[in-house]
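Novice: only geometry, no sequence info:
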């Protein structure tokens, strides 16, 4: 197991976890009980790691592996998953941009510079009212 872990850049615990959840099939064992992984396991774990880098969850990766194991090409399903990821990222980036803009407005217009005196509690309460119309709600 440690040889495979080193080859794919992950830990033995991760490989055991992949086995436990069905992403990595139970390997053959040596007479001494050591796990014996072949080239297929190396490629499979590399696929899992690449898919994770693209933001796919282990459940989604398992779905793609199951499609492949049935002898089918998972390309169509992979494309749909990645399109969903792009859509989610686009929404998240828009939300982060709105947050950044709100913070910048707060800094530019509402919070005085360090050398100016101000009443913190009052200013923060007013910002909350102005933004949402309801005190204390973001």
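Specialist: In hand now; what should we look at? Bear in mind the structure is a predicted one, so any value in this text is a computation, not a measurement.

Novice: in three-state terms, label the residue nearest to residue 52 when sequence neighbours are not counted for me.
Specialist: Leaving aside its sequence neighbours, residue 52 sits nearest to residue 61 (Cβ to Cβ, 6 or more residues apart in numbering; 7.1 Å). Any C-beta I mention is one placed from the backbone N, CA and C, and that applies to glycine too. What DSSP: H, G, I helix; E, B strand; the rest coil gives for residue 61 is helix.

Novice: number of residues surrounding residue 61?
Specialist: 24 (other Cβ atoms under 10 Å).

Novice: now the strands for this structure?
Specialist: Taking DSSP state E, the strands of the chain run over residues 28-29, 35-36.

Novice: contacts for the first one next, please.
Specialist: Outside of strand 28-29, the residues within contact range by Cβ atoms under 8 Å, 6 or more residues apart in numbering are 35, 36.

Novice: pull up the pairing partners for it, direction included.
Specialist: Note on strand 28-29: by DSSP bridges, its sheet partners are strand 35-36 (antiparallel).

Novice: now the strand it pairs with: how far from the chain's centre is it?
Specialist: 30 Å (Cα atoms, centre = their mean, to the nearest Å).

Novice: next: stretch 62-80.
Specialist: 20 Å.

Novice: kindly provide the distance from the residue nearest to residue 52 to residue 44.
Specialist: 10 Å (Cβ to Cβ, to the nearest Å).

Novice: name the residues contacting each of the two.
Specialist: With Cβ under 8 Å, 6+ apart as the test, residue 61 and residue 44 both reach residue 23.
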